[in-house]
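Peer 1: Based on what follows, work out the 3D shape:
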Amino acid sequence: MQTAPSPVTPSEVSQAAIMRRRYRLGLLAALLGAVLFSAKAIIVKLSYRYNVDAETQLAMRMGLALPFFGLLLLWDSYRQRVKGAQLQTAKPYPKGWRAIGQLVIVGLLGYYAASYLDFLGLQHISAALERLILFLYPTLVLLFSRWWFAKPIRREQWWALLISYAGIGFVFIHDVQLGGATVVLGAMLVFASAICYALYLVFCGELVSRYGSLRLTVMATTVAALACLIQFFLLRGAAGWMTVLAYPWPVYGLALVNAFFCTVLPVNLTMLAIAYCGAGVTSQTGMVGPLATIVLGALLLGEPISVWQLVGAAVVLLGIYLLSRYRFQ
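Peer 2: Predicted coordinates for the structure are as follows:
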C-alpha cells in the first residue's frame, strides 16, 4: 500500500521562493558583472584618444580603486570579527614572509601584470579581439592544472580547447589582414595577460580556502594598486603627477568609470553571483562578455563588425561553454 506524499509546508514554499529569488539575483549579478568587466577595454580605448599612455591609465585606475577596496577590507574585517565570535570560523590575515610573499605574487600576477599587458595590447588590437583572447583563460587554467597538479584532461575537454583556439584563429587572421604586424604584437601582449591571469587563478586555489575570496581579492588588488603607483612614480618621477592634473576632464571621468564600474563593482557582483548561483553558472554566464565588447566597440568606438568576427566569437564561446560544462559536471 503506497503512502500519500507528505504535504509541502508553508515554510518550505517560502524557502523555495527565497532560493529562486537568490538565483535570479545571482544570475543578474553575473550578467552585469561580465558586461562591466568587458567595458574596461572600451574605456581604455577611449582614453587612448586623449593620448593617455598605459602606465598613466593603470595608475589612475588602480589609485582610484584603492580607497574602495580599502573600505571593503574594513567591512570584511568587521564581518569576520562578528562571524568569528559567533561561529569560530573567522579567516586569518597572512602571517609570515611565506604567506606575504604568496599574496604579493598573486597580486602582481592577477591585477598588475595581467592588467598592464592588457592595456599595452589594446594599443594595437580591437576591443573585440582583446576580449576574445582574454576569454581563453579557462583553457590556460586547465592546461596549467594538468602541468603542475597532474589533473587529467578528458577527451571532451581537449575538443573544447581546440574549438576555442580555432575561433580565435578566425578573428586573428581577419584582423591581421587589416592591421598587419601591429595586430600580432597586440595579440601576443593580450595572450600574455591571459596567461598571467590564469596563473593567478591557479595559485589562488589554496589561498582562497585559507583567507576567503573577498579578503584575498581585496588584498591582492591592494598589492597591485601599490605596484601600479610605484611603477608610475619610477617612470614619470614626481613631475609625472603634475602631468596627470593637466588632462582634460573626460580623462578623469573615464578613469573613475574604469576604477569603480569596471573594477570594484564587477568584482563584487561576480562574488555575489558565485555565492547565489554557483561557480558553474557564473562561469557560463560570463560568456556574454565578448559579445558585449563587440557591440560596445561598434557603438562607442566605431569598430566594424564583420562576419569573421561573429563566426570566430561564436566558435570561441562554444568551446568555452563546452569546457565549463564538462568542468562543473
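Peer 1: which regions of the chain sit below the pLDDT cut-off?
Peer 2: For the chain, the stretches flagged by pLDDT under 70 are 1-13, 80, 82-94, 150, 179, 279-281, 283-284, 324-329.
Peer 1: for it, what's the longest helix?
Peer 2: helix 10-48 (DSSP state H).
Peer 1: if I look at the most centrally placed residue in the chain, how far off is T282?
Peer 2: Nearest to the mean C-alpha position of the chain, by C-alpha atoms, centre = their mean, lies F37 at 6.2 Å. As for F37, its distance to T282 is 12 Å (criterion: C-beta to C-beta, to the nearest Å). Using the backbone N, CA and C atoms, a C-beta is placed for each residue, glycine as well.
Peer 1: Give me the common contacts of those two.
Peer 2: Counting by C-beta atoms under 8 Å, 6 or more residues apart in numbering, the common neighbours of F37 and T282 are T270.
Peer 1: what's the neighbour count on the residue nearest to R236 when sequence neighbours are not counted?
Peer 2: Nearest non-adjacent residue to R236, counting by C-beta to C-beta, 6 or more residues apart in numbering: T243, 6.8 Å away. Using other C-beta atoms under 10 Å, T243 has 12 other residues around it.
Peer 1: Could I get the contacting residues of G70?
Peer 2: T222.
Peer 1: quick one: the helices in the stretch 151-300 of the chain?
Peer 2: Using DSSP state H, counting those that start in this stretch, the helices found in the stretch 151-300 of the chain span residues 155-179, 181-211, 213-236, 239-244, 249-256, 265-285, 288-296.
Peer 1: okay if I get these as TSV plus distance to T56?
Peer 2: Converted to TSV, these look like this (distance: least, C-beta to C-beta, whole Å):
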stretch	distance to T56
helix 155-179	24
helix 181-211	17
helix 213-236	7
helix 239-244	6
helix 249-256	9
helix 265-285	22
helix 288-296	23
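Peer 1: out of these, deepest packed?
Peer 2: Comparing the helices of the stretch 151-300 of the chain by mean neighbour count (mean count of other C-beta atoms under 10 Å), helix 288-296 ranks first with a mean of 22.
Peer 1: Please state the offset of that helix from the chain centre?
Peer 2: In terms of C-alpha atoms, centre = their mean, to the nearest Å, the centre of helix 288-296 is found 14 Å from the chain centre.
Peer 1: name the helices or strands packed onto that helix?
Peer 2: Using 3 or more C-beta pairs under 8 Å, 6 or more residues apart in numbering; DSSP states H and E, the elements in contact with helix 288-296 are helix 10-48, helix 127-134, helix 307-327.
Peer 1: Now distance to A255 too, for these, in TSV please.
Peer 2: Shown next, in TSV, are the helices and strands packed on helix 288-296 (distance: least, C-beta to C-beta, whole Å):
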stretch	distance to A255
helix 10-48	7
helix 127-134	17
helix 307-327	28
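Peer 1: which of the ones you listed is buried the deepest?
Peer 2: Greatest burial across those, using mean count of other C-beta under 10 Å, falls to helix 127-134, with a mean of 28.
Peer 1: got the CA positions of that helix in CSV?
Peer 2: As requested, the backbone C-alpha atoms of helix 127-134 are provided in CSV (Å, rounded to 0.1, in the frame of the first residue of the first chain):
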residue,chain,number,x,y,z
ALA,A,127,38.5,45.6,-28.2
ALA,A,128,36.6,42.7,-29.6
LEU,A,129,39.8,40.7,-30.3
GLU,A,130,41.2,41.6,-26.9
ARG,A,131,38.2,40.3,-25.1
LEU,A,132,38.1,37.0,-27.1
ILE,A,133,41.8,36.4,-26.4
LEU,A,134,41.4,37.1,-22.7
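Peer 1: how much does it deviate in direction from helix 181-211?
Peer 2: With axes from the mean of the first three to the mean of the last three C-alpha atoms, to 10 degrees defining the directions, helix 127-134 sits at 50 degrees from helix 181-211.
Peer 1: so how far is L323 from I153?
Peer 2: 10 Å.
Peer 1: list the residues that contact both of the two?
Peer 2: Joint contacts of I153 and L323 (C-beta under 8 Å, 6+ apart) are L142, L161.
Peer 1: got the contact list for M219?
Peer 2: By C-beta under 8 Å, 6+ apart, M219 lies in contact with L73, P94, L103, G107, Y211.
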